[in-house]
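# sharing a sequence plus its predicted fold:
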Amino acid sequence: MKICIIGSGYVGLVSGACFSDLGNTVICVDINKLIVEKLNKGIIPIYEPGLQELVERNLKKKRLLFSTDISSSIKKSDIIFICVGTPTKNNKADLKYVYNVVKSIKSNLNKYKIIVTKSTVPVTTGDKIENILNSKKNKNKFDVVSNPEFLREGEAIRDFQYPDRVVIGTNSKKANKIMKNLYLPLIKKGSRYVNTSRRSSELIKYASNAFLATKITFINEIANLCEKSHIDVQDVATGMGLDDRIGSRFLRAGPAYGGSCFPKDTRALVSTGQIFKTNLSVVKSVINSNKKRNKLLLDRIKLILKNKIKNKNISFLGVTFKSGTDDMRESPSLKMIPFLVKKGAFVSYYEPTGQKKQFKSKNIIFYENIKDACQNADLIIIHTEWNEFKQLNFKKITKKRNFKIFDMRNLYSTSEMKKNKINYFSIGR
Ligand SMILES: NC(=O)c1ccc[n+]([C@@H]2O[C@H](COP(=O)([O-])OP(=O)(O)OC[C@H]3O[C@@H](n4cnc5c(N)ncnc54)[C@H](O)[C@@H]3O)[C@@H](O)[C@H]2O)c1
């Protein structure tokens, strides 16, 4: 198939590279010239394991192309995937990037095409896109299909190539047949193919993200209770997770959930509820609880430092919202680090993906390695669960004798830390 991907970020670039690897001809378009220039040279603008090799391989085979020319890319293609961002504006999904793309599609519909929303868009967006594209001239020239993306940053290629399910929202038999054929190599490997109405498909994405955010928030609140009642939250999570109806994933207590999806998608879902006069009280309380979590963990830091934050050296290990990605969007560190500096602390941090310029203060310094970042630490905060943080000899990397550790990811055993006489604090234990 000839595919045009519009928006070459985390989702568009991975989808484009993976579709081309399945033998399709793919043009990835972006309005950001710099991104396209880099991609044409085989330079990947984001951190995503395995993406470099995949892009290089398909660039060489000339099945994967990058362009800023949206009009000609649309005209040449049979399927157009909209993969632009849908950030939050006034607690709703801001669809301006999506509608800009739709305008370009409208003026370049030279033959029948399937327009696919892979961006996460609220229920009824597909209907609206269809209305915009509808005209006498465009009759029978298009179908609008919803095909939400479920990949996780850091695992994006595997998730794309071996998805649990492929959801296609359309009532058009023609579009459904073409889409099923496109995904056939993945279906043959065992992925479930789910054909629903377009609105159901749009809601499946939001409901899934809201449910996962709920699971994280739930275990975070249980962790709060564990801390007060001398219970290990990990025992509780293991005991709960072994129940098939619950499942063990997303039951790891830690910082507030962040990233480019859960915060904005939970807010957008509540706003969809308001449009349809439905009170999504569970999702609202998840958003509320998650918002409070940053403050709760900052209060914990104050307690660990006995209320003396001023002039303390605090080292952060990892600043992205999770491991395996360079994505800083809505990362808890963006709230925590400036707060601590405002209270007089000096923050040093090490981030495996090399985010040097995330914070604008002379009291926040990036270091190229763990040892340099931690050598003067009064408090080390393990913020992200990168593998390289899992087996550290803290006594060797820190000069201070009475340093403390706040492990927000529960990477270490409390008994080992006790045995080594390290002042160690973690979550829900
Ligand atoms: N990041 C994830 O893990 C993930 C997972 C599943 C779904 N999603 C959803 O996928 C969508 C995209 O997310 P992302 O993280 O890839 O966003 P992103 O910000 O990484 O990428 C979006 C890209 O679109 C480009 N763009 C904007 N307007 C354009 C236009 N008119 N023409 C061409 N390019 C344009 C931008 O320059 C940018 O490079 C969002 O709706 C998001 O919710 C994201």
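That came in fine, so what should we check first? Numbering: from 1, shown residues only.
# this structure - how does it break down into domains?
With domains defined by automatic domain parsing, the chain comprises 2-196, 205-288, 292-426.
# tabulate the ones you listed in TSV, adding columns for distance to the ligand, mean neighbour count and mean pLDDT.
(C-beta placed from N, C-alpha, C; glycine too.) Converted to TSV, the domains of the chain look like this (distance: least, Cβ to the nearest ligand atom, whole Å; neighbours: other Cβ atoms under 10 Å; pLDDT from 0 to 100):
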stretch	distance to the ligand	mean neighbour count	mean pLDDT
domain 2-196	2	19	97
domain 205-288	5	18	98
domain 292-426	7	18	96
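# so where do the strands sit in the stretch 301-429 of the chain?
With DSSP state E, counting those that start in this stretch, the ranges of strands along the stretch 301-429 of the chain come out as 313-317, 346-350, 364-367, 379-382, 404-407, 423-426.
# strands paired with the second one, and their directions?
Put plainly, it is strand 346-350. strand 313-317 (parallel), strand 364-367 (parallel) (DSSP bridges).
# now what about the helix or strand hosting residue 235, what contacts it?
Using DSSP states H and E, residue 235 falls within helix 233-241. For helix 233-241, contacts defined as Cβ atoms under 8 Å, 6 or more residues apart in numbering pick out 219, 222-223, 226, 246-249, 251-253, 410, 427-429.
# which of those fall in helices?
Cross-referencing those against helices under DSSP state H gives 219, 222-223, 226.
# just give me the closest of those to residue 69.
The shortest approach to residue 69 among these belongs to residue 219, at 47.2 Å (Cβ to Cβ).
# please report the distance of the closest one from residue 213.
Separation of residue 219 from residue 213 (Cβ to Cβ, to the nearest Å): 11 Å.
# go on, residue 295?
18 Å.
# re the thing from before, between the contacts of helix 233-241, which sits nearest residue 85?
When the contacts of helix 233-241 are compared against residue 85 (criterion: Cβ to Cβ), the nearest one is residue 249, at 26.1 Å.
# just to confirm, which residue in this structure is farthest away from the center?
The outermost residue of the chain relative to its centre, with distances by Cα atoms, centre = their mean, is residue 136 at 39.9 Å.
# that one: helix or strand, and which one exactly?
Using DSSP H and E, no helix or strand contains residue 136.
# could you do residue 195 as well?
Going by DSSP H and E, residue 195 is in strand 192-196.
# need the residues that contact the strand or helix carrying residue 102.
Per DSSP H and E, residue 102 falls inside helix 96-106. Outside helix 96-106, the residues that touch it by Cβ under 8 Å, 6+ apart are 6-7, 70-71, 74, 80, 82, 84-86, 113, 115, 117, 119, 121, 125, 129, 132-133, 135, 138, 142.
# of those residues, which belong to helices?
Checked against DSSP H, the contacts of helix 96-106 include these in helices: 70-71, 74, 125, 129, 132-133.
# farthest pair within the residues you listed?
71 and 125 (22.8 Å).
# ok so, going back, from the contact counts, what lies against the strand holding residue 195?
Secondary-structure packing of strand 192-196 (3 or more Cβ pairs under 8 Å, 6 or more residues apart in numbering; DSSP states H and E): strand 165-169, helix 173-188.
# 6 Å instead?
strand 165-169 (3 or more Cβ pairs under 6 Å, 6 or more residues apart in numbering; DSSP states H and E).
# got the contact list for the strand it packs on?
Identification of contacts with strand 165-169 by Cβ atoms under 6 Å, 6 or more residues apart in numbering yields 146-148, 179, 183, 191-196, 198, 201, 204.
# any chance of the ones in helices among the contacts of helix 96-106 in a markdown table, plus distance to residue 360?
As requested, these are exported to a markdown table (distance: Cβ to Cβ, whole Å):
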| residue | distance to residue 360 |
| --- | --- |
| 70 | 34 |
| 71 | 39 |
| 74 | 39 |
| 125 | 36 |
| 129 | 39 |
| 132 | 40 |
| 133 | 43 |
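# of these, closest to residue 418?
residue 125 (53.3 Å).
# if I look at the closest one, how far off is residue 58?
Taken as Cβ to Cβ, the span from residue 125 to residue 58 is 30 Å.
# likewise residue 280?
The value you get for residue 280 to residue 58, if Cβ to Cβ is used, is 41 Å.
# and stretch 365-385, how far from the chain's centre?
24 Å (Cα atoms, centre = their mean, to the nearest Å).
# same check, this time on stretch 67-83
Worked out by Cα atoms, centre = their mean, stretch 67-83 lies 25 Å from the chain centre.
# repeat for stretch 282-295
With Cα atoms, centre = their mean, you get 18 Å for stretch 282-295.
# quick one: contacts of it?
Contacts for stretch 282-295 (Cβ under 6 Å, 6+ apart): 210, 213-214, 217, 256-257, 266, 269-270, 332, 335.
# show the contacting residues for residue 358.
Counted by Cβ under 6 Å, 6+ apart, residue 358 has contacts residue 328.
# and residue 190, how close does it get to residue 129?
In terms of Cβ to Cβ, residue 190 sits 31 Å off from residue 129.
# repeat for residue 236
45 Å.
# repeat for residue 240
On the measure of Cβ to Cβ, residue 240 and residue 129 end up 41 Å apart.
# and residue 49, by the same measure?
33 Å.
# just checking, residue 319 touches residue 351?
Yes. Between residue 319 and residue 351 there is a contact under Cβ atoms under 6 Å: 4.9 Å.
# please report phi then psi for the residue nearest to residue 87 when sequence neighbours are not counted.
Leaving aside its sequence neighbours, residue 87 sits nearest to residue 94 (Cβ to Cβ, 6 or more residues apart in numbering; 5.3 Å). The phi and psi values for residue 94, taken as degrees, to the nearest 10, are phi -90, psi 110.
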